[in-house]
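Participant: compute the structure for the input listed below.
(one chain, ligands or ions: 2)
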Amino acid sequence: MTVKEAIQSAAQYLGERNLRAPRQDAELLVASILEQDRTFLYTYPERRLSPSQKQLFHQWLAKRGEHYPLQYLRGRQEFYGRQFWVRPGVFIPRPETELVLETALALLRESRSKQLFAADIGTGSGCIAITLAREEPRVLVTATDISGDALQVAHRNAELHRCLDRIEFRAGPTLEPLKGRHSYYHLIVSNPPYVSHLEKKSVDISVNRYEPSEAVFAGKSGQEVYRRLFCEAKSVLRPQGKLVVELGCDGKESVSRLARKNGWVLNDSKKDLAGRDRCAIFHQG
Ligand code: SAM
Ligand code: GLN
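Facilitator: Ligands and ions are numbered 1, 2, ... in the order given. The predicted structure follows:
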């Protein structure tokens, strides 16, 4: 089987199983098996798959046909130019979260302090915490999660990206792991779960079936974790400190309202590439 044939048959197979972007998936799948990027596929369409590559191709194709995330098959996902290890049980980093990271990074860079303290609440694979540590040498990051699996993976990713010495990992819900640190952090960033349980049906099959539900869903309103963040973050932030959060579709108004009720002021918001409000910055009122 050639590269071109593999892509064509995979695209057809995945299309029949209602994957959203079968051609793109097919290309990524074949490229991953060959351990090449997608341009290789166009340069060498007649290259033949070895017997072991062919076997892997059939195994992965069958899994992907069940909407199993390719990232779990490959064991990794790129975020802000770096590879992060992921596995089932841990949320896969999304490209739109890069906007949240960039916003947090820009805020830290504005500061003149020699040392900066930031917290990433619900760190998952550690993609935000680790990128902050790698991109801003002055920052020390506290990365928290309720999931032990996530913390294990984040720890391993920090090791891979050589910044274990600048990240501390703590287990527990929202700000609980930071208790006692009064006026300590310059910045708190979070991509919390924000999808309502009532919207479960509209969520992508592969997310619903295979990603950890506590990473995606947050109660009936989808606001449970935001609520806790707004209630608890004040005591650990410095007076001029900022709280940066990712927003879901149409989240800006409702999340800002909740923030206002808890004494926060919306400082700014950012739109993602699709033109949706994706990130909000709050400060204390
Ligand atoms: N920060 C990662 C990213 O952007 O890819 C992961 C984000 S994922 C949407 C949300 C993460 O928050 C999950 O890892 C989940 O386990 C964690 N989480 C859910 N509820 C939490 C809570 N109450 N306190 C702390 N972490 C929580
Ligand atoms: N946007 C995510 C998704 O693709 C949900 C992430 C979240 O709740 N933070 O399902």
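Participant: quick one: the strands in the stretch 101-250 of the chain?
Facilitator: Taking DSSP state E, counting those that start in this stretch as the test, the strands found in the stretch 101-250 of the chain are 116-121, 139-145, 167-171, 185-190, 237-246.
Participant: up against ligand 2, what does the stretch 1-150 of the chain have?
Facilitator: Taking Cβ under 6 Å from any ligand atom as the contact definition, the stretch 1-150 of the chain meets ligand 2 at residue 94. Heads up, the C-betas are built off the backbone N, CA and C, glycines and all.
Participant: pick out the residue of the stretch 1-150 of the chain closest to ligand 2.
Facilitator: Here the stretch 1-150 of the chain gets closest to ligand 2 at one residue, residue 94, 5.8 Å apart by Cβ to the nearest ligand atom.
Participant: how near is that residue to residue 249?
Facilitator: Noted for residue 94: a distance of 13 Å to residue 249, by Cβ to Cβ, to the nearest Å.
Participant: related to what we said a few turns ago, quick one: the residue of the stretch 1-150 of the chain closest to ligand 2 and residue 10, what's the gap?
Facilitator: On the measure of Cβ to Cβ, residue 94 and residue 10 end up 23 Å apart.
Participant: same thing with residue 126?
Facilitator: According to Cβ to Cβ, residue 126 and residue 10 sit 31 Å apart.
Participant: check residue 249 too.
Facilitator: Distance from residue 249 to residue 10, by Cβ to Cβ: 30 Å.
Participant: compare the two (neighbour count), which wins?
Facilitator: Neighbour count, other Cβ atoms under 10 Å: between residue 249 and residue 10, residue 10 has more, with 24 against 13.
Participant: ok, and the closest non-adjacent residue to that one?
Facilitator: residue 26 (3.6 Å; Cβ to Cβ, 6 or more residues apart in numbering).
Participant: please apply the same query to residue 77.
Facilitator: Nearest to residue 77 is residue 71, by Cβ to Cβ, 6+ apart, at 4.5 Å.
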